[in-house]
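Student: mind looking at a prediction? Sequence and model below.
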Amino acid sequence: MNRPSRPVRVLAPVLAAGSLLTAAACANDDGASDTVSVSPAAERSPSPSATPALTRAGAKAALITTADLEGHWTQANDAASWRTTLLVDKVDVAAFLKAKTSAAECQRLLDSLYSDSLLGRASGGSALTGFTDPHSRLLYQVGDYGRDSLTKTLDWLGSLPKKCDQFTATGSDGSERTVQVVAAGLPAVVDAREGVTVTVRGTAGGQPTTLTLDVAALRVGASGAAVTNGGPVGARHKTTETAVREGARRLTDVLAGRTPTANPSLLD
């Protein structure tokens, strides 16, 4: 028998080892073989988990400003305290919203109105701001809350028109509030967003009072933003839509490493 030359004998084990490594890479835990390929589009687009975390500085940069809103809005200095002290016209909104109901999902809604708790506890950077006009208040918050947590929050918000269609709550003074929740459409920005309009009817200072608020939230990766907008004369839904649209644009820019600018349509 003719024996192979030394180069051939050395090369054969190398080829065999390469074949074994290739087979192992193509086999899953069940022993089945999969064909793994990466498309050019997948190489260009980062996965959701690759979305950078939002820092404190980034959250502040992602906040909307008066230049992003249409109308005569003024930035407030005390927005962080609105849950405990908020007067709109002659209505003590903070006291009016302090009411209790037996349904946990609906109580969560009441507790989060004009509060920084709407999106839950931030796991990364976060920031909050507010805007006033003679008859309304707009609270805007943005932060890194985690993708799964934000998805659950959006699911909860989207379920409220059915779960909390209409319910009764009792104010701190013992008077009753009738609360209605209906779905509110939002502009088609980002993949995940939800909005509702909340109407609270009762008495404040012995006078019949109706408070109408838009509540909206959106998610970009693991970061999100929320808007609460309205007052005793109603909620201007166009303003809510603008806040959502511009907020999504600014947050997307920050997460992409760009510096956001004011609403282009208002720069003329």
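Tutor: Thanks, I have it. Just so it is clear, the structure is predicted and the values come from calculations on it, not from any experiment.
Student: C-alpha only now, for contacts and for neighbours.
Tutor: Noted.
Student: just checking, Ala57 touches Gly125?
Tutor: Yes - taking C-alpha atoms under 8 Å as the contact criterion, Ala57 and Gly125 are neighbours in contact, 7.5 Å apart.
Student: the more surrounded of the two?
Tutor: Taking Ala57 and Gly125 together and counting by other C-alpha atoms under 10 Å, Gly125 has the greater number of neighbours (18 against 12).
Student: for that one, grab phi and psi.
Tutor: Gly125 adopts backbone torsions of phi -70, psi 150, taken as degrees, to the nearest 10.
Student: list the residues that contact it.
Tutor: Contacts of Gly125 were listed using C-alpha atoms under 8 Å, 6 or more residues apart in numbering, and they are Leu54, Thr55, Arg56, Ala57, Gly58, Ala59, Gly143, Asp144.
Student: narrow those to those that are buried.
Tutor: Restricting the contacts of Gly125 to buried positions leaves Leu54, Thr55, Arg56, Gly58, Ala59, Gly143, Asp144, with burial counted as 16 or more other C-alpha atoms under 10 Å.
Student: cross those residues against strands and list the overlap.
Tutor: Members of the buried ones among the contacts of Gly125 lying in strands (criterion: DSSP state E): Gly143, Asp144.
Student: out of the contacts of Gly125, who's nearest Val196?
Tutor: For the contacts of Gly125, the closest approach to Val196 (C-alpha to C-alpha) belongs to Gly143, at 20.4 Å.
Student: grab the nearest non-local neighbour of that closest one.
Tutor: Distance criterion C-alpha to C-alpha, 6 or more residues apart in numbering; nearest residue to Gly143, sequence neighbours excluded, is Ser126 at 3.8 Å.
Student: distance of Gly143 relative to Leu63?
Tutor: The span separating Gly143 from Leu63 equals 10 Å under the rule C-alpha to C-alpha, to the nearest Å.
Student: what does Ser117 give?
Tutor: According to C-alpha to C-alpha, Ser117 and Leu63 sit 17 Å apart.
Student: can you give me the helices in this protein?
Tutor: With DSSP state H, the ranges of helices along the chain come out as 6-25, 40-44, 56-62, 93-97, 104-112, 147-163, 237-255.
Student: gap between the fifth one and the chain center?
Tutor: Shown here is helix 104-112, whose average C-alpha point lies 17 Å from the average C-alpha point of the whole chain (C-alpha atoms, centre = their mean, to the nearest Å).
Student: determine the set of other helices and strands touching it.
Tutor: In terms of contacts (3 or more C-alpha pairs under 8 Å, 6 or more residues apart in numbering; DSSP states H and E), helix 104-112 is packed against helix 147-163.
Student: and Val91, what does it touch?
Tutor: The neighbours of Val91, taking C-alpha under 8 Å, 6+ apart as the test, are Ala204, Gly205, Thr209, Pro232.
Student: do you know the pLDDT at it?
Tutor: pLDDT for Val91: 94.
Student: tell me what it is bridged to.
Tutor: Beta-bridge pairing for Val91 (DSSP bridges): Val88.
Student: how near is it to Thr252?
Tutor: 36 Å.
Student: next one: Leu211
Tutor: Separation of Leu211 from Thr252 (C-alpha to C-alpha): 32 Å.
Student: which helix or strand in this protein has the lowest average pLDDT?
Tutor: Averaged element by element with mean pLDDT, DSSP states H and E, the chain has its least confident helix or strand at helix 40-44 (a mean of 32).
Student: about what we covered before: lowest average pLDDT across the helices of the chain?
Tutor: The minimum mean pLDDT among the helices of the chain belongs to helix 40-44 (a mean of 32).
Student: quick revisit: more neighbours: which of Ser117 and Leu63?
Tutor: When Ser117 is set against Leu63 and neighbours are counted by other C-alpha under 10 Å, the residue ahead is Leu63, at 25 against 14.
Student: now the contacts of Val91 in CSV, with neighbour count, pLDDT and distance to Ala67?
Tutor: Written out in CSV, the entries for these read as follows (neighbours: other C-alpha atoms under 10 Å; pLDDT from 0 to 100; distance: C-alpha to C-alpha, whole Å):
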residue, neighbour count, pLDDT, distance to Ala67
Ala204, 18, 91, 34
Gly205, 10, 86, 35
Thr209, 16, 96, 32
Pro232, 21, 96, 25
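Student: what's opposite the nearest residue to Glu176 once chain neighbours are set aside in the beta bridge?
Tutor: Nearest non-adjacent residue to Glu176, counting by C-alpha to C-alpha, 6+ apart: Thr170, 4.5 Å away. Beta-bridge partners for Thr170, by DSSP bridges, are Lys100, Glu176.
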